[in-house]
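**Student:** Predicted coordinates and the sequence they were generated for:
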Amino acid sequence: MSDLLVTTSNDIMGGTPVFTGTRVPVQSLIEFLEAGDSIDVFLTAFPSVKRAQVVQFLEKAADLAVTAAA
């Protein structure tokens, strides 16, 4: 698997950021979590996304939020 977590390409979802190796927008994960759904519910809806990708994405988002707040 590529080291890239999120990719964008005009050929895939019109350039929307997606989890690498999928056509699943990262925004979909955010919307599921905002709605109160669990990661398991998200993964069931989008089986092409791996749990490790979700965890890595959330860890990176948390790191960025902490850095921005500092």
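**Tutor:** Nice, I can see it.
**Student:** center of this protein - which residue?
**Tutor:** Geometric centre of the chain, nearest residue: Val26, 3.6 Å, by CA atoms, centre = their mean.
**Student:** Let me see the contact set for the closest residue to that one other than its chain neighbours.
**Tutor:** Excluding its sequence neighbours, the residue lying closest to Val26 (CB to CB, 6 or more residues apart in numbering) is Pro17, at 5.1 Å. The way it works is simple: take the backbone N, C-alpha and C, and place the C-beta from them, glycine included. Each residue near Pro17 by CB atoms under 8 Å, 6 or more residues apart in numbering is listed here: Val6, Thr7, Thr8, Pro25, Val26, Gln27.
**Student:** Surely the residue nearest to the centre of the chain and Val18 touch.
**Tutor:** Yes - here Val26 lies in contact with Val18, judged by CB atoms under 8 Å, at a distance of 6.7 Å.
**Student:** Mutual contacts of these two, please.
**Tutor:** Common neighbours of Val26 and Val18 (criterion: CB under 8 Å, 6+ apart): Val6.
**Student:** So for stretch 22-41, what gets flagged as buried?
**Tutor:** Across stretch 22-41, burial judged by 16 or more other CB atoms under 10 Å covers Thr22, Val24, Pro25, Val26, Ser28, Leu29, Phe32.
**Student:** And the residues you listed, which is closest to Leu64?
**Tutor:** For the buried residues of stretch 22-41, the minimum distance to Leu64 (CB to CB) is 12.9 Å, reached by Val26.
**Student:** re the thing from before, and the contacts of Pro17, which two are furthest apart?
**Tutor:** Largest separation among the contacts of Pro17 by CB to CB: Thr7 and Gln27, giving 13.9 Å.
**Student:** thinking again about what came up before, show me the contacts for the residue nearest to the centre of the chain.
**Tutor:** Residues in contact with Val26 (CB under 8 Å, 6+ apart) are Val6, Pro17, Val18, Phe19, Phe57.
**Student:** So which of those residues sit within strands?
**Tutor:** Val6, Val18, Phe19 (DSSP state E).
**Student:** List just the nearest of these to Ile39.
**Tutor:** Using CB to CB, the ones in strands among the contacts of Val26 come closest to Ile39 at Phe19, 12.9 Å.
**Student:** Good, wrapping up.
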